[in-house]
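*Asks:* Generate coordinates for the sequence data below:
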Amino acid sequence: MKTITIPIIPTNQTFAKVHGPHELHLEAICVFAAIGFFLDGDTYWKDQVVLRPASKHTLDTEGKLLRSEPYFKWHHSPKTMSFDTALEGYMSLFEQIIADQTEGKQIILPLSGGLDSRTQAVALQGRKDCVFAYSYAFENGYAETKIARQVAKICGFEFRDYVVPKGYLWSVIDDLSKINGCYSDFTSPRQMAVVNSLKDKGDVFSLGHWGDVLFDSMGLPKLSKSEQVDVLMGKLLKRGGLELAQTLWELWGLQGHFTDYFRSRITDLLSNIDIEDTNAKLRAFKSMYWAPRWTSVNLAVFEANKAISLPYYDNRMCEFICALPEKYLKGRKLQIAYIKRKAPELAKITWQDQRPFHLYNYHLNRLPYNLPYRALNKIRRTIKMSVGVPYIQRNWELQFLGKPNQAHLLNRMESPRFYDLVPKAIVRQYTHKFYNENALQYAHSINMLLVLSQFYKNQVHGEAY
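*Replies:* Next up, the predicted model:
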C-alpha cells in the first residue's frame, strides 16, 4: 500500500483505479462537453478517478483506491482585523511563499496586462538578475505585450515578447494531446505556441494562476442554495455547451435529462461545503473543483519543459484566505494596495481589464470618462476590418478559422473510428453551424468535439500520437 497526499489546490491530476466496469463514463463526458472540464473525481472511465484535493489517499499495490481522508476543508472564519493588518499579512505571506518557491533559481515569469503577474513582479523586483520575463499576444489582437514590457522595464527584468500565430495548433496537437491527456480543449493553453522557446531561459516558471479568484469577491448578496446553484450553472456552462451536452446525452440514450443530472451534481458538491457566506462558499467551490480540473490541467504544458511554482496555489495562501473578511477581497483591494505600496510606478501602468486606466484611476472606467477610448478603439478596429484584418480576441479564431485551418480541423475530426462515438451526421452538423452560421456560438462545441475525437482515436483505439 502507499499513501498519496494531494495539496489543497493540486498542480496536476493524480489518477487511481476504483471498482467498476472499464467502460466510458458517458454522463461525465457530457458534463465535460458542457463546461470544458470534468467534475470532482470524474474521468473518461467508470473504473478510474482523479484523487480529490486536500486529502490523504491510500492505494493498494495495483493502484486501486482503498480510502480517502480530508486533512483540510474550506471554511470562512474571518478574523477581526483592519485593512492594514490584512495587507501586511498578505504582503508578508506572499513574498515569503515566492522566496520559498524560487530561492536560488533562475525564474521565468510570464507577464500579462492583469494584476496577478504584476504582484509577482513586485515581489521579485529585488532579484532582477534572476528573472526572465515574457509575454505573448494574439496575431492581430490586443497588444498585451506592451503592458508587460513596461512592467519588466521598471523592474529591470530581461524581457521578450512573442506572437501567438495562426494555425500553430496543428503542428503541436499530438504533443498537446499527450500532455493534457485530452482533459482540456486545445486552444485554451495558448502557451503551447511559445513554451518551446523558453527552454534555456531559467529553472522554474513562477505562475500567477488563481490569484484573481482567491483575491476577489463575486459581490453577491446572501443567496439561497438553489440560487447559488443557478449562479454556478450560469458560470460553468460554456456558450453552446448545454446544447452539445444535450445532443450527446440523447444520442447515447442516457436516462433522464442532462440538465437535471448536471444540476443534481452541482447541488451535491455545493452541499458538501460548510460555509454560510455566499461569496466565500462559491470561491471554495471554484477552488475545489474548477482549479484542479480546469486551470491545473494545462499547467502540464509548462511542467513538460520546466519546474513550476504557483504562489497562489500554496496551502498557506488557501488557509490565509479563509481568515480574511470578505470586504477586503472585493474588487481586488489587497492586490491593488500591495502594488501601490511596494511599487507605485507599476501601479501607474495600464490595467488591461480596465484599459486605458491604471490602479490609481480605474474607478473612472465608466461613461463618460471612458467614451474617448472606446470610440477610438472602435475606429481602429473598423479601419483594420475594412482592409481585411480581423481583430482577434480568442485563440480559436487563429486556429480554426480560414480554409487551411478548416481543412486541418475536419481531417482531425472526420474519422470512421470517432464516428463510433459521435456519428458523422452530428460532427457535420456542428462544423456546418460553426463555419456557416455562428462561429462564436459553436466554437466551444467544435473545441470539445476535437478533443473527444483525439481522445477516442488515441486512447480507445490506441492510435499513436
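
*Asks:* Look at residue 350 and give its secondary structure.
*Replies:* Classification of residue 350 by DSSP: H, G, I helix; E, B strand; the rest coil places it in coil.

*Asks:* for the protein, what are the low-confidence residue spans?
*Replies:* 385-389, 460-465 (pLDDT under 70).

*Asks:* Spatially central residue for it, please.
*Replies:* residue 295 (3.4 Å; CA atoms, centre = their mean).

*Asks:* That one: what's it in contact with?
*Replies:* Shown here is residue 295, whose contacts under the criterion CB atoms under 8 Å, 6 or more residues apart in numbering are 209, 210. (C-beta placed from N, C-alpha, C; glycine too.)

*Asks:* go on, the one 3 residues further on?
*Replies:* When contacts are counted by CB under 8 Å, 6+ apart, residue 298 is found next to 180, 184, 188, 189, 191.

*Asks:* With residue 397 instead?
*Replies:* 138, 390, 439.

*Asks:* Which among these count as buried?
*Replies:* For the contacts of residue 397, a neighbour count by 16 or more other CB atoms under 10 Å gives the buried set as 138, 439.

*Asks:* picking that back up, who wins on neighbours among the contacts of residue 298?
*Replies:* Sorting the contacts of residue 298 by how many neighbours each has (other CB atoms under 10 Å) puts residue 184 first, at 25 neighbours.

*Asks:* mind checking how far residue 433 is from residue 412?
*Replies:* 18 Å (CB to CB, to the nearest Å).

*Asks:* Residue 227 now?
*Replies:* Relative to residue 412, residue 227 is positioned 41 Å away (CB to CB).

*Asks:* in the stretch 1-150 of the chain, which spans are helices?
*Replies:* Using DSSP state H, counting those that start in this stretch, the helices of the stretch 1-150 of the chain run over residues 26-35, 83-102, 116-124, 144-155.

*Asks:* Pull up the distance across stretch 41-60, start to finish.
*Replies:* 18 Å (CA to CA, to the nearest Å).

*Asks:* So for that stretch, what gets flagged as buried?
*Replies:* The neighbour-count check on stretch 41-60 (16+ other CB under 10 Å) flags 41-46, 48-55, 57, 59 as buried.

*Asks:* Likewise for stretch 75-89?
*Replies:* Buried positions in stretch 75-89, judged by neighbour count with 16+ other CB under 10 Å: 76, 78, 86, 87, 89.

*Asks:* Closest one to residue 343 out of those, please.
*Replies:* residue 87 (14.1 Å; CB to CB).

*Asks:* Quick one: residues contacting the closest one.
*Replies:* Applying CB under 8 Å, 6+ apart to residue 87 gives the contacts 334, 337, 338, 341.

*Asks:* Apply 6 Å and report the result again.
*Replies:* 334, 337 (CB atoms under 6 Å, 6 or more residues apart in numbering).

*Asks:* Please parse the chain into its domains.
*Replies:* 2-70, 83-215+292-364, 371-460 (automatic domain parsing).

*Asks:* Between its first and last residues, how far does the shortest one reach?
*Replies:* In this case it means domain 2-70. With CA to CA, one end of domain 2-70 sits 16 Å from the other.

*Asks:* Could you tell me how far that domain lies from the centre of the chain?
*Replies:* For domain 2-70, the gap between its own C-alpha mean and the chain's C-alpha mean amounts to 19 Å (CA atoms, centre = their mean, to the nearest Å).

*Asks:* which element is the spatially closest residue to residue 166 that is not a sequence neighbour on?
*Replies:* Computed as CB to CB, 6 or more residues apart in numbering, the closest residue to residue 166 that is not its neighbour in sequence is residue 398, at 4.6 Å. Using DSSP states H and E, residue 398 sits within helix 395-400.

*Asks:* and that helix, C-alpha only, in CSV?
*Replies:* Taking C-alpha atoms only, helix 395-400 is exported to CSV below (Å, rounded to 0.1, in the frame of the first residue of the first chain):
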residue,chain,number,x,y,z
ASN,A,395,-7.2,31.7,-29.8
TRP,A,396,-9.8,29.5,-31.7
GLU,A,397,-10.1,32.4,-34.2
LEU,A,398,-6.5,31.9,-35.1
GLN,A,399,-6.6,28.1,-35.0
PHE,A,400,-10.0,27.2,-36.6
